[in-house]
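Peer 1: sequence unknown, structure follows:
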DNA sequence: GTTGACCCTGGAGCGACTCCAGGGTTTCAA
DNA sequence: TTGAAACCCTGGAGTCGCTCCAGGGTCAAC
Ligand SMILES: [Zn+2]
Ligand SMILES: [Zn+2]
Ligand SMILES: [Zn+2]
Ligand SMILES: [Zn+2]
């Protein structure tokens, strides 16, 4: 299959496929005489794998690592477990930070519910006041 | 105060201060005869304001906008309210996505609790199986 | 024969920094 | 007095994961 077909099948941009190939995440495609890339089903499988991992927000470096491990079925999978745990920690940390953020924004928003002159705006006043307390 | 002192006071990196100045978020500092930047308390206040907004995850473009509004006390603050609302929507959306992610990772992690051969690892098998179902 | 859909390469751009090379200056102590 | 540490400067490259672009080539249908 050509690059457009592969991209459509996996729901990615053509440019993204070329990018993954350049980054060595996708094995280099064969080429037709005119230079077009030709991919097989194993490319589609790997691309889907990459996208699945990306949907889990793994950085490409970790996906590369995972592929490496998966390609050596004789090794053990301790690394994989650790990788998922690390990922989970990161995600949970970010959720906490985001929730704190949400609270702050709600508090901020409650300080102004109407169109006032900027001087009287509770939001701007709050934002500025915090600035002043820093010293 | 010199750049290091300002940076320490606001808990930012020196490079970040220079970056904000270059981006026009911080007014250009005065210079000593030897070329060192000299900042006043109003710079510290603005820097703290920027950091506070950044802590609320606002992009620099929106902070620039906010500063612009704050500098014209005669204008009204409708824009400010809208900006906070937009920000809040974005944060809530991301929290939801992150929580979905967390669930997926937990499910994935539960598929392997020990060091097995890679071939038998439930995590890798799961990840691969999903790839195959995409076609 | 020409329109349109597809493909190629190499390189720039995004956001918000961060780091570096390669310099100059200030401050403090031995 | 000398020298090391800590500070400051500039301009530019690097980060991440794409995305877009210019400037071309290829291929099928009408
Ligand atoms: Zn091996
Ligand atoms: Zn208001
Ligand atoms: Zn005005
Ligand atoms: Zn396992």
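Peer 2: In hand now; what should we look at? Nothing here was measured: the structure is a model prediction, and the numbers come from that model. Ligands and ions are numbered 1, 2, ... in the order given.
Peer 1: per-residue confidence for the closest residue in space to residue A:29 that isn't next to it in sequence?
Peer 2: Leaving aside its sequence neighbours, residue A:29 sits nearest to residue A:37 (Cβ to Cβ, 6 or more residues apart in numbering or on different chains; 3.8 Å). Glycine gets a C-beta too; all of them are placed from N, C-alpha and C. Per-residue pLDDT puts residue A:37 at 97.
Peer 1: these two touch, right, residue A:30 and residue A:42?
Peer 2: No: counting by Cβ atoms under 8 Å, residue A:30 stays clear of residue A:42, with 11.6 Å between them.
Peer 1: next one: phi and psi at the closest residue to DNA strand D within chain A?
Peer 2: With Cβ to the nearest atom of the strand, the shortest gap between chain A and DNA strand D falls at residue A:59, namely 3.0 Å. Main-chain torsions, residue A:59, degrees, to the nearest 10: phi -70, psi 150.
Peer 1: And residue A:38, by the same measure?
Peer 2: According to degrees, to the nearest 10, residue A:38 has phi -130, psi 120.
Peer 1: For residue A:123, list the residues it contacts.
Peer 2: Contacts were defined as Cβ atoms under 8 Å, 6 or more residues apart in numbering or on different chains; by that measure residue A:123 touches A:108, A:109, A:111, A:112, B:77, B:80, B:81, B:84.
Peer 1: element containing it?
Peer 2: Taking DSSP states H and E as the criterion, residue A:123 maps to helix A:122-133.
Peer 1: average pLDDT for that helix?
Peer 2: The average pLDDT within helix A:122-133 is 78.
Peer 1: Please apply the same query to stretch A:94-106.
Peer 2: Mean pLDDT, stretch A:94-106: 88.
Peer 1: And for stretch A:82-91?
Peer 2: pLDDT averaged over stretch A:82-91 gives 90.
Peer 1: List the buried residues of it.
Peer 2: Neighbour-count burial for stretch A:82-91 flags A:83, A:84, A:87, A:88, A:90, A:91 (criterion: 16 or more other Cβ atoms under 10 Å in any protein chain shown).
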